[in-house]
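**Student:** Sequence first, then the predicted structure:
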Amino acid sequence: MNEELKGVAIDKLTSIEKSLGLKGENGGITFEDSTEYLSSQLELPITDIRPFEDLDDEQVINKLASLLKQRRNQEGVDATTQLHLFSIQYANILESRNFSTNEYKQILKIAEIPESLYVEIRKCVRIYKTTIETYQQSNKQRKIKKYSPLNYTPCKDKIKSYNRIIFGAPGTGKSFQLKDESQPINEPSPFENIERVTFHPDYSYGQFVGSYKPVSDDNGKINYEYVPGPFMRTLVAALESGKNGESAKKYLLIVEEINRAKVAAVFGDMFQLLDRTDAGDSVYEIQASEDVRRYLARELGGTKDNYASIKLPNNMYIWATMNSADQGVFPMDTAFKRRWEFTYLGINENEDEVKKTIKTLPVLHNGNEGIEWNILRRSINTMLLKECKVNEDKLLGPFFIFGDVFKNPSDKNAFFNAFNSKVLMYLFEDAGKMHQKKLFAGIDQSELTFSKVCEDFKARGTAIFGNSFQLVKE
């Protein structure tokens with residue numbers, strides 16, 4: 001018996017007893033798969049009850065005592081820990097016999113262990129019984145799924161790339177394009193299910209793939225369970241779809257702002273699965289962690305041993321958006337980029353969609369009010385390129401100010417508040433930060449503050465950009 005098992009015994013007894021709340025004795029809690037379930041949950045072997053069925057109580061007592069005595073004589077683990085391990089392993093037998101306190105003491109006496117430790121046996125039996133009861137309640141009397149091999153039938157019709165990143169300047173319509181392709185307005189979606197997640201600097205592997213977390217049930221009791229993230233949920237759904245030999249349905253995971261998190265840390269070992277064959281499944285398998293194996297067994301049937309390794313099927317798609325102009329983004333290494341197909345959206349793509357919704361803006365130019373958004377946007381971009389020499393990924397895309405306030409700009413105060421907080425702040429604090437004097441040449445340089453820019457834009461319109469600013473026709 002090694003130290004690892006000793007730690008398992010102590011830790012499992014403590015954590016499970018606390019999380020389950022042990023509300024006392026509950027008889028008759030048995031079902032076909034209890035042994036397999038409890039064994040997987042406790043990471044300890046549970047003895048098959050069938051060899052003991054033909055023995056009477058005295059024979060069972062003597063046999064258990066003999067087994068306990070053999071275990072007690074093993075070196076390196078104290079008697080109490082050995083008793084814990086033994087009691088969990090044989091809890092189903094002890095529970096089925098409904099032994100009394102004296103019979104527990106008799107087992108200990110024959111095994112040459114202090115009889116006062118009978119309470120430890122009783123505690124382990126209660127843990128066994130309550131674990132089974134908790135499982136039944138949480139699964140509404142549903143038995144564990146039986147394992148059947150994944151007779152996976154690959155998808156035949158590929159939809160663009162399996163791993164795909166759309167990138168471009170802010171407001172070019174990256175998210176819009178992914179939504180349009182995955183959920184067409186007048187056509188059925190090619191995907192059975194679409195899950196969307198947005199990365200941020202604190203996003204982690206546990207959130208994306210999955211991890212153990214405290215979960216409250218309907219009665220307010222806290223248990224620790226493996227909670228899958230969007231990656232694992234999509235993977236399981238894709239595998240489940242094709243396991244019966246039928247043509248698998250397609251599942252899509254969309255990652256917004258993929259470069260705003262440390263992708264190497266967020267994907268972790270799943271990174272290896274992104275290398276796909278021409279058929280779309282992973283080139284290489286990875287060894288699944290114990291947590292993942294237990295979760296897959298719970299969702300797909302069987303035991304954790306059936307899921308020693310995993311790979312992505314060809315009905316699981318991962319599409320993402322990326323805006324390299326954002327501040328605070330994390331760089332991607334070459335190995336990660338190599339596993340994706342990059343699609344660049346030009347600065348003026350998708351502007352026809354914006355024309356349908358954004359009306360003429362109440363902005364002054366040469367004393368006249370009313371400028372179309374795309375004309376104003378293109379004109380500002382031209383100035384950024386020629387006067388400020390900024391990169392294309394810092395320019396304004398057509399969706400940069402997409403929203404209800406711009407569909408009805410008759411409310412001028414609401415319009416200017418929104419325009420100031422989006423467009424002018426971006427120009428002042430980001431795209432034109434190093435070129436404020438050139439960009440806002442029409443404002444007294446001694447008073448060049450953001451509040452002055454906003455105030456003058458409302459009163460004077462495009463004059464804030466100086467005499468050289470010209471409207472560019474489409």
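**Tutor:** Sure thing, it's come through.

**Student:** How about the contacts made by Asn339?
**Tutor:** Rather than Asn, residue 339 is Arg. Under the criterion of Cβ atoms under 8 Å, 6 or more residues apart in numbering, the contact partners of Arg339 comprise 163, 271, 274-276. C-betas here are computed from N, CA, C, even on glycine.

**Student:** same check, this time on Leu273
**Tutor:** Leu273 is in contact with 282, 284-286, 310-312, counting by Cβ under 8 Å, 6+ apart.

**Student:** Tell me how far it lies from Ile159.
**Tutor:** Spatial separation of Leu273 from Ile159 under the definition Cβ to Cβ, to the nearest Å is 19 Å.

**Student:** any weak-confidence spans in the stretch 351-474 of the chain?
**Tutor:** The stretch 351-474 of the chain contains residues with pLDDT under 70 at 403-409, 474.

**Student:** can we see that at 90?
**Tutor:** By pLDDT under 90, the low-scoring segments of the stretch 351-474 of the chain are 351-362, 366-375, 377, 385-419, 421-422, 429-437, 444-447, 467-474.

**Student:** Look up the closest residue to Leu471, ignoring the ones flanking it.
**Tutor:** For Leu471, the nearest residue in space outside its immediate sequence neighbours is Ser379; the separation is 5.0 Å by Cβ to Cβ, 6 or more residues apart in numbering.

**Student:** Which parts of the stretch 151-300 of the chain are helices?
**Tutor:** When assigned using DSSP state H, counting those that start in this stretch, the helices of the stretch 151-300 of the chain occupy the ranges 174-182, 205-208, 230-241, 263-267, 290-300.

**Student:** Same check on the stretch 301-450 of the chain?
**Tutor:** Taking DSSP H, counting those that start in this stretch to define them, one finds helices in the stretch 301-450 of the chain at 334-337, 351-355, 373-386, 404-407, 412-419, 425-426, 436-439, 450-460.

**Student:** rewinding a little: what's the most buried one of the helices of the stretch 151-300 of the chain?
**Tutor:** The densest packing among those, expressed as mean neighbour count by mean count of other Cβ atoms under 10 Å, is seen in helix 230-241 with a mean of 21.

**Student:** chain center to it, what's the gap?
**Tutor:** The offset between the C-alpha centroid of helix 230-241 and the centroid of the whole chain comes to 11 Å, using Cα atoms, centre = their mean, to the nearest Å.

**Student:** Give me the helices and strands touching that helix, please.
**Tutor:** Packing contacts for helix 230-241, counted by 3 or more Cβ pairs under 8 Å, 6 or more residues apart in numbering; DSSP states H and E, involve strand 193-198, strand 251-256, helix 290-300, strand 316-322.

**Student:** got the contact list for it?
**Tutor:** Identification of contacts with helix 230-241 by Cβ under 8 Å, 6+ apart yields 150, 152, 192-193, 195-197, 208-210, 228, 248-253, 270, 292, 295-296, 299-300, 310, 312-313, 315-316.

**Student:** go with 6 Å
**Tutor:** Around helix 230-241, the neighbours that count as contacts under Cβ atoms under 6 Å, 6 or more residues apart in numbering are 195, 197, 208-210, 248-249, 251, 253, 299, 313, 315-316.

**Student:** Of these, which one scores lowest on pLDDT?
**Tutor:** For the contacts of helix 230-241, the least confidently modelled position is Ala248, at 79, judged by pLDDT.

**Student:** shouldn't that one be in contact with Gly280?
**Tutor:** No - Ala248 lies out of contact with Gly280 (Cβ atoms under 6 Å); the separation is 10.4 Å.

**Student:** Looking at those two, which has the bigger crowd around it?
**Tutor:** For the pair Ala248 and Gly280, the greater number of neighbours falls to Ala248 (23 against 18), based on other Cβ atoms under 10 Å.

**Student:** distance of the more buried one from Asp281?
**Tutor:** Taken as Cβ to Cβ, the spacing of Ala248 relative to Asp281 amounts to 11 Å.

**Student:** next one: Lys221
**Tutor:** Between Lys221 and Asp281 the computed distance is 41 Å (Cβ to Cβ).

**Student:** Settle it for me: which of these two has more neighbours?
**Tutor:** Of the pair Lys221 and Asp281, Asp281 is the one with more neighbours under other Cβ under 10 Å, namely 18 against 14.

**Student:** I'd guessed that one sits against Asn314; true?
**Tutor:** Yes - the pair Asp281 and Asn314 qualifies as a contact (Cβ under 6 Å) at a distance of 4.8 Å.

**Student:** what's near enough to touch Glu225?
**Tutor:** With contacts taken as Cβ under 6 Å, 6+ apart, Glu225 has the following neighbours: Val215.
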